[in-house]
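Novice: structure for the following, please:
(one chain, ligands or ions: 1)
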Amino acid sequence: MRVPCVRVPVEAGEATRTLLADAGLLDGDREISVEDGDIFVPVTDAEAVPDEYDVVEREAAERTGQVTPADVLGYEPSYERLGDVAIVDVDDPEEARRVAEAIMEADFPCETVVNRASKVRGEYRVRDWEVLAGDGTETVHREYGHEFLLDIAEVYFSPRLATERHRVIEQVAAGEHAVDMFAGVGPFAVPMAARGADVVACDVNPRAIEYLRENARRNGVSEQVTAIEGDVREAAGEYEGWADRVVANLPHSASDFLDTAVALAGEDCVLHLYDIQHEDDPFGPGERAVRDAAGDEYEVRVETRREVRSYAPHELNVCLDVRLSRV
Ligand code: SAM
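Specialist: Numbering: from 1, shown residues only. A predicted model of the protein is given here:
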């Protein structure tokens, strides 16, 4: 059906849509559309539109679905969801503000929009965030049926690793002893416990450990999760020789902790070692470092070499699943 639409350049789309909505002129029953750099906003009364706007007759489909950020902006913005926080990565401040407004106006639950303001850094692997809309950086994120309370300004969490975590968690059998050396808020530890493992989870960040304990409670696995705050090289000492499985997800520093990983290993143990390496030899350095750390004590067999994701140009985030069998 042809309806009157205000035509403006895409860059002016959001401001125009807001103005028309405030004036009660926005036709919410019809889809906004984009063509050749212009955005067409359906209106209910062409006569009432201020003179400075160009009004044209145009086909506009009836709106059936929910409003998306793309409907508001005129293009699909790139963003990531973590609970009710939307994460964007936009350099231009004006563009970042427009994207944030569009996300807040769209029809899905979003309380806060943040922009990446630094790289992940420091011992706690936390990033700085610029809050673009809403407030509060604490949220509840759901992953494969478990919920995690966390504050992205205080702890590390990457929803992009969900599939990888699930791959590891699916290998866990009931009754296993599992150690998560760098547990964060528990996205490995909690689901491993839910599969029936006894889990020791360590982190040097006190806030991560608080959230981890809370997340174990929320997911009904407090009894099976022992959360330890501190540097795993000292804190997990009493669990030497205990583990059937060790998760080591601190990719930049993996090699500094391999002696500890081997010390934690029991008679037969699978080590999931995360690493970041050049694409020319993404697995070699990790594999050699594990063999060095295992020495004559363990036979080392690499069961899986997996590229988890691209980390930076020519750099890969990888995981080695390595079986350590005591000789
Ligand atoms: N495994 C979690 C996940 O997938 O979300 C967190 C991984 S994050 C990359 C690494 C974590 O290791 C951070 O929470 C950081 O605080 C913790 N960490 C850094 N150095 C540590 C150390 N020496 N001992 C224990 N934890 C440490």
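Novice: how close does the residue nearest the centre of the chain sit to the ligand?
Specialist: To find the centre residue of the chain, average its C-alpha atoms and take the closest one (Cα atoms, centre = their mean): that gives P159, at 2.1 Å. Distance check for P159 against the ligand: by Cβ to the nearest ligand atom, to the nearest Å, it reads 9 Å. Yep, even glycine has a C-beta here, placed from its N, CA and C like the rest.
Novice: surely that residue and R142 touch.
Specialist: No - applying Cβ atoms under 8 Å, one finds P159 not in contact with R142, separated by 9.8 Å.
Novice: can you tell me the closest non-neighbouring residue to the residue nearest to the centre of the chain?
Specialist: L82 (5.2 Å; Cβ to Cβ, 6 or more residues apart in numbering).
Novice: and for the one you found, the neighbour number?
Specialist: Applying the criterion other Cβ atoms under 10 Å, we find 21 residues in the vicinity of L82.
Novice: and L19, by the same measure?
Specialist: Here the neighbour count serves as a burial measure; for L19 (other Cβ under 10 Å) it reads 18.
Novice: next one: A174
Specialist: Counted with other Cβ under 10 Å, A174 comes out at 8.
Novice: OK, contacts around it?
Specialist: A174 makes contact with 195-197 under the criterion Cβ atoms under 8 Å, 6 or more residues apart in numbering.
Novice: the ligand contacts on the stretch 1-150 of the chain?
Specialist: Selection of the stretch 1-150 of the chain residues close to the ligand by Cβ under 6 Å from any ligand atom yields 123-125.
Novice: drop anything exposed from these.
Specialist: Neighbour counting over these (16 or more other Cβ atoms under 10 Å) leaves 124-125 as the buried ones.
Novice: which ones among the residues of the stretch 1-150 of the chain next to the ligand lie within strands?
Specialist: Among these, no residue falls in strands (DSSP state E).
Novice: nearest to R7, of the residues of the stretch 1-150 of the chain next to the ligand?
Specialist: For those, the residue nearest R7 by Cβ to Cβ is R125; the value is 47.4 Å.
Novice: skipping adjacent residues, who's closest to that closest one in space?
Specialist: The spatial neighbour of R125 that comes closest, neighbours along the chain excluded (Cβ to Cβ, 6+ apart), is Y156 at 4.1 Å.
Novice: which residues touch the one you found?
Specialist: Contacts for Y156 were tallied using Cβ under 8 Å, 6+ apart; they are 120, 124-126, 184, 205, 208.
Novice: from the residues you listed, which is closest to the ligand?
Specialist: Closest approach between these and the ligand, by Cβ to the nearest ligand atom: G184, at 2.8 Å.
Novice: can you pull the contacts of L132?
Specialist: L132 makes contacts with 88, 96-97, 99-100, 113-115, as judged by Cβ under 8 Å, 6+ apart.
Novice: which phi and psi does the residue nearest to N205 when sequence neighbours are not counted have?
Specialist: The spatially closest residue to N205, leaving aside those adjacent along the chain, is Y124, at 4.3 Å (Cβ to Cβ, 6+ apart). The phi and psi torsions at Y124 (degrees, to the nearest 10) take the values phi -80, psi -10.
Novice: which residues of the stretch 101-250 of the chain fall in helices?
Specialist: Per DSSP state H, counting those that start in this stretch, the stretch 101-250 of the chain carries helices over the ranges 162-169, 189-194, 206-218, 232-235.
Novice: for these, give me TSV that also has mean pLDDT, mean neighbour count and distance to A294.
Specialist: Compiled in TSV, these are given as follows (pLDDT from 0 to 100; neighbours: other Cβ atoms under 10 Å; distance: least, Cβ to Cβ, whole Å):
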stretch	mean pLDDT	mean neighbour count	distance to A294
helix 162-169	96	17	20
helix 189-194	98	26	23
helix 206-218	98	21	28
helix 232-235	93	17	17
